[in-house]
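[1] My questions are about this predicted structure, shown below with the sequence.
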Amino acid sequence: TLSRMANVVTRSSLFLTMYSVGAWGTHCFGHSVLRVHQRWVLALAGAIGGSSIIIEPPSRRPELALYSFGQAIRSFANRMIALGRCRELPHGEFALFAVSVAVLLNAMLAAPQHLRSNYVRLLGNVVGD
């Protein structure tokens, strides 16, 4: 229904707004106002921004966690490359995608009850039952 869709859109918009305001606001406040340039400020910004996940319904949290995890891996890899601790892997996103699909397919075969039914149906249609 229209009211349910409006509720979902409003809740997701509020989540994204609170996430951005919480994370960036904490970082900017610590950096610009308090003049604190330490790692704990970044950790605090992440914790405050991440706590906005409470706004989303529990059924959507795993999807958001998977999206955030992928972004965290990319950020971590970029940071390690910038620090010179590892070198860039050409087309590394394809390797990461392949590993991710392998994990999903393994989960589908080993414990399909832990995945959403529409994911299991989609993966079953892609690879065949």
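    Perfect, thanks for sending it.
[2] Now the element after the longest helix anywhere in the chain, going C-ward?
    If you go by DSSP state H, the chain has its longest helix at helix 2-28. Using DSSP states H and E, the helix or strand that follows helix 2-28 in sequence is helix 39-50.
[3] if we can go back for a sec, from the chain's centroid, how far away is the longest helix of the chain?
    Centroid displacement of helix 2-28 relative to its chain, using C-alpha atoms, centre = their mean, to the nearest Å, is 15 Å.
[4] Buried residues in it, which are they?
    15, 18-19, 22-23, 26-27 (16 or more other C-beta atoms under 10 Å). C-beta here means a position set from N, CA and C on the backbone, and glycine is covered the same way.
[5] can you check stretch 39-55 too?
    41, 44-45, 48-49, 52-53, 55.
[6] same check, this time on stretch 77-85
    A77.
[7] CA atoms of it as CSV?
    Taking Å, rounded to 0.1, in the frame of the first residue of the first chain, the C-alpha atoms of stretch 77-85 are listed here in CSV:
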residue,chain,number,x,y,z
ALA,A,77,42.2,-2.2,1.0
ASN,A,78,42.6,1.4,-0.2
ARG,A,79,44.2,2.4,3.1
MET,A,80,46.6,-0.5,3.0
ILE,A,81,47.6,0.4,-0.6
ALA,A,82,48.1,4.1,0.4
LEU,A,83,50.3,3.0,3.3
GLY,A,84,52.3,0.7,1.1
ARG,A,85,51.5,-2.4,3.1
